[in-house]
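**Q** Next come a sequence and a model predicted from it.
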Amino acid sequence: MEDVQELRIQWFPGHMVTALRMISEELKLCDVIIYMLDGRCPRSCFNPKFDDVIARKPTLFVLNKSDLAPWDTLKTFLASDAYKDIVRSKGPTVNTTTLDSTKSGSTKFALEATRKLLKTRIDAAREKGITKTIRAIVIGVTNCGKSTFINNLSSKAKALAGDKPGVTRTKQWVNAMDNFWILDTPGTLWPAFDNPQVAKNLAYVGSIKDDILDIVALSKSLLVDLDKLEPGCVMRRYGAVEFDAICRKRGYILRGGNLDYERAAKAILTEFRAGRIGRFNLDNLL
């Protein structure tokens, strides 16, 4: 594989500052936090700005897009030091599940896990003849599938959703079902990435806008990293490993014979994000 220059990635638009403040303020109205993580890099999705937030409420971690991640992603996540630290601090008020939120009915497991976290409060209300109304807040990095999750749960397209980061820009309360309300929040990153690989992982899965990135450099870096995770996967998909050779194989050539780097880069990123190159846990690169 060709050498790739180290990428330096930062993206923290002004609305994310407002979003973080809003999440902290709205938390007092909520019973439980649903923390959405991309199953292809769950540890990379841990936002240090949320550390204080999750310490204050029962929390369900949802490893979304599990259909694009390896089968053992959940096991690896539960065994990670980062998750073990959370369990030690929160005890029985933390739970975890996997999810493909695009699949109809898949959110029922998240709903069951949420109710399990609040069982004591639900039972206490029932003994008084009251049906407990659950209010959940959904948080996570951009483009991790929060709005799609809510739409699936409510069976209606009530929350704005899209395949680009930053679609949700304001809070949205959604009545998902009887006695269950969910607050959708804007995807939020953090001002500085201490680990460049975390930034790359988030860029690979689309949590950082392609518009602000050098996508040619990003796609080249992705090819190198994927080959580290699963040697031979790039060759199997493209019949070549070097970026220029892939351009030629695919016929990404401009008039005059110049290679169409941008078209090739977009294709590689799109195919990775759709799972066509394989299923990867990018956190293994950390």
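**A** Cool, got the structure. Quantities reported herein were computed from a predicted structural model and do not represent experimental measurements.
**Q** what's the next secondary structure element after the helix or strand where L60 lies?
**A** Using DSSP states H and E, L60 sits within strand 59-64. Using DSSP H and E, the next helix or strand after strand 59-64 towards the C-terminus is helix 73-78.
**Q** in that following helix, what counts as buried?
**A** Judged by neighbour count using 16 or more other Cβ atoms under 10 Å, the buried positions of helix 73-78 are T73, L74, T76, F77. Heads up, the C-betas are built off the backbone N, CA and C, glycines and all.
**Q** what's the pLDDT at the last one?
**A** According to the model's per-residue confidence, F77 sits at a pLDDT of 95.
**Q** Skipping adjacent residues, who's closest to it in space?
**A** Excluding the flanking residues, the one nearest F77 by Cβ to Cβ, 6 or more residues apart in numbering is P42, at 5.0 Å.
**Q** wait, doesn't the one you found sit right on K65?
**A** No - counting by Cβ atoms under 8 Å, P42 does not reach K65; the two are 10.0 Å apart.
**Q** Only C-alpha atoms, please: export the strand holding L60 in PDB.
**A** Extracted in PDB, the C-alpha atoms of strand 59-64 (Å, rounded to 0.1, in the frame of the first residue of the first chain):
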ATOM      1  CA  THR A  59     -27.800   5.400  30.300                       C
ATOM      2  CA  LEU A  60     -28.500   3.000  27.500                       C
ATOM      3  CA  PHE A  61     -25.700   2.700  25.000                       C
ATOM      4  CA  VAL A  62     -26.900   1.700  21.500                       C
ATOM      5  CA  LEU A  63     -24.400   0.400  19.000                       C
ATOM      6  CA  ASN A  64     -26.200   1.400  15.900                       C
END
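**Q** as a whole number, average confidence for that strand?
**A** Per-residue scores along strand 59-64 average to 96.
**Q** and it, what does it pack onto?
**A** strand 32-38, helix 73-78, helix 81-90, strand 94-98, helix 108-117 (3 or more Cβ pairs under 8 Å, 6 or more residues apart in numbering; DSSP states H and E).
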